[in-house]
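Colleague: no sequence on hand, only this structure:
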Ligand code: FES
């Protein structure tokens, strides 16, 4: 059991570990992201949580960054590491961002928008 002090946290990465994402390597993505956070000594700044399905299975593996509200698709372990490094450099992984947030979610054009509401 853990109780994190989040006062210095500026980014929360939700790493999908639902069934479709697990089939596409979510465990390796999770470990790579957490390893990169440790390598960058950014544990105080970036918090991670494994989630169940986020309803975007065609995008597996899905990683969501808050509070920016960026939904990433097709995340591999190396792309997960890039999300961490880019975040720390004040950038995002634009080519894999499928939604961004501007008062509501906005499709970037990098993926299907889906049909379910
Ligand atoms: S299992 Fe990851 S979005 Fe559905």
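Modeller: Nice, I can see it. Being a predicted model, the structure only gives us computed values, none of them experimental.

Colleague: show me what residue of the chain gets nearest to the ligand.
Modeller: residue 18 (2.5 Å; CB to the nearest ligand atom). No exception for glycine: its C-beta is placed from N, CA and C like everyone else's.

Colleague: how close does that residue get to residue 26?
Modeller: 8 Å (CB to CB, to the nearest Å).

Colleague: mind listing what the residue most central in space within the chain touches?
Modeller: Closest to where the C-alpha atoms of the chain average out (CA atoms, centre = their mean) is residue 63, at 2.5 Å. Going by CB atoms under 8 Å, 6 or more residues apart in numbering, residue 63 touches 13, 14, 15, 16, 29, 33, 72, 75, 80, 83.

Colleague: list the contacts for the residue of the chain closest to the ligand?
Modeller: So residue 18 contacts 26, 51, 52, 53, 54, 57 (CB under 8 Å, 6+ apart).

Colleague: any chance you could map the helices in this protein?
Modeller: Here the chain has its helices, by DSSP state H, at 19-23, 26-39, 77-88.

Colleague: quick one, which of the ones you listed is packed in tightest?
Modeller: helix 77-88 (a mean of 20; mean count of other CB atoms under 10 Å).

Colleague: what packs against it?
Modeller: For helix 77-88, the packing partners by 3 or more CB pairs under 8 Å, 6 or more residues apart in numbering; DSSP states H and E come out as strand 11-16, helix 26-39, strand 46-51, strand 63-66.

Colleague: the first one near the ligand at all?
Modeller: Yes: for strand 11-16, a contact with the ligand is found by CB under 6 Å from any ligand atom, at residue 16.

Colleague: and that strand with helix 26-39, angle?
Modeller: Interaxial angle, strand 11-16 versus helix 26-39 (axes from the mean of the first three to the mean of the last three CA atoms, to 10 degrees): 160 degrees.

Colleague: and strand 11-16, average pLDDT?
Modeller: If you average the pLDDT over strand 11-16, you get 98.

Colleague: quick check: residues of this structure near the ligand?
Modeller: When proximity is defined as CB under 6 Å from any ligand atom, the chain approaches the ligand at 16, 18, 19, 20, 21, 53, 54, 55, 56, 57, 60, 62.
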